[in-house]
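In: Provided below are the primary sequence and the corresponding predicted coordinates.
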Amino acid sequence: MSMAPDMHFEQEAHAAGYRTVCGIDEVGRGPLAGPVVTAAVVLPDGFSLPGLNDSKQLSARQREALYEALMQDSSVKKSIASASVEEIDRLNILYATHLAMARAAQGLPLTPDFCLIDGLPVPNFPFPSRSLVKGDARCLSIAAASVLAKVHRDRLMRELHSLFPHYGWDRNAGYGTREHLAAIHTYGITPHHRRSFAPVAQMALPLEF
């Protein structure tokens with residue numbers, strides 16, 4: 001049985017002299033459509049929210065309930081940001097993700113002294129930071145950020161689904177499922193597709209005779 005995330009890494013940062021420590025996570029690096037979304041979260045000392053975990057370990061219903069609890073708790077400081085499809089295509093997905101992470105940290109209502117970031121190191125990040133592989137399963141503020149980013153992006157993709165219903169974005173969130181790929185071949189691409197991603201790029205090529 002895997003252990004739940006805790007505030008060990010936040011406490012380490014506090015012990016090193018950092019006062020305001022945030023966790024950052026992203027969702028949506030892999031889809032063929034939609035933005036990449038990030039969240040930054042500062043938890044108060046002694047924070048506890050039963051069930052809070054890496055968003056990938058939770059059901060949609062659990063994520064929604066935790067999202068609402070986090071959003072309604074004024075002691076939890078949070079920020080949600082994104083990088084657009086246009087930025088993903090122009091910069092590439094890695095740089096766009098790093099840009100969205102910086103935007104989330106900069107959007108907090110208080111300036112962070114230190115950021116705990118899920119994944120691999122982020123070069124030239126605007127705040128002192130530490131990267132944690134699988135941080136969303138180990139660090140509570142990153143887990144909170146993962147829930148906020150995931151629910152926010154899923155809701156956004158459901159809104160886009162109402163405008164472009166052929167692609168199943170309410171179910172696949174823009175990922176390259178068989179249903180989504182079949183719809184691209186049948187209906188073409190939309191302004192919300194990432195033209196730099198291979199299956200979409202192939203569809204965007206002009207036909208040569």
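Out: Arrived safely. Nothing here was measured: the structure is a model prediction, and the numbers come from that model.
In: any stretches of this structure with poor pLDDT?
Out: 1-2, 202-209 (pLDDT under 70).
In: what sits against A144?
Out: For A144, the set of contacting residues under the criterion of CB atoms under 8 Å, 6 or more residues apart in numbering consists of 23, 39, 41, 43, 49, 52, 66, 70, 76, 78. C-betas here are computed from N, CA, C, even on glycine.
In: next one: the fourth one from P128, what distance?
Out: Taking CB to CB, to the nearest Å as the measure, L43 falls 18 Å from P128.
In: what about the helices in this structure?
Out: For the chain, the helices defined by DSSP state H occupy 8-15, 60-72, 85-91, 93-106, 140-163, 169-172, 178-187, 198-204.
In: quick one, what contacts the nearest residue to E179 once chain neighbours are set aside?
Out: Once its chain neighbours are removed from consideration, E179 has its nearest residue in G168; the separation is 4.6 Å (CB to CB, 6 or more residues apart in numbering). Going by CB under 8 Å, 6+ apart, G168 touches 161, 177, 179-180, 183.
In: among those, which one sits closest to L108?
Out: The closest of these to L108 turns out to be H161 (CB to CB; 30.0 Å).
In: can I assume that closest one is in contact with D170?
Out: Yes - counting by CB atoms under 8 Å, H161 does reach D170; the two are 4.1 Å apart.
In: of those two, who's got more company?
Out: Set side by side, H161 and D170 show more neighbours around H161, with 18 against 14, by other CB atoms under 10 Å.
In: any idea how far the more buried one lies from G176?
Out: Separation of H161 from G176 (CB to CB) stands at 16 Å.
In: next: L140.
Out: Following CB to CB, the distance that separates L140 from G176 is 32 Å.
In: higher neighbour count, those two?
Out: Ranked by neighbour count (other CB under 10 Å), L140 and G176 place L140 first, with 24 against 17.
In: now do the same contact list for that one.
Out: Taking CB under 8 Å, 6+ apart as the definition, contacts of L140 comprise 5-7, 10, 23, 43, 47, 52.
In: among those, which two are most distant?
Out: Maximum pairwise distance in the contacts of L140, criterion CB to CB, is 13.4 Å, between E10 and L52.
In: on that earlier part again, okay if I get the helices of the chain as CSV plus distance to R29?
Out: Written out in CSV, the entries for the helices of the chain read as follows (distance: least, CB to CB, whole Å):
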stretch, distance to R29
helix 8-15, 22
helix 60-72, 18
helix 85-91, 9
helix 93-106, 6
helix 140-163, 11
helix 169-172, 15
helix 178-187, 16
helix 198-204, 14
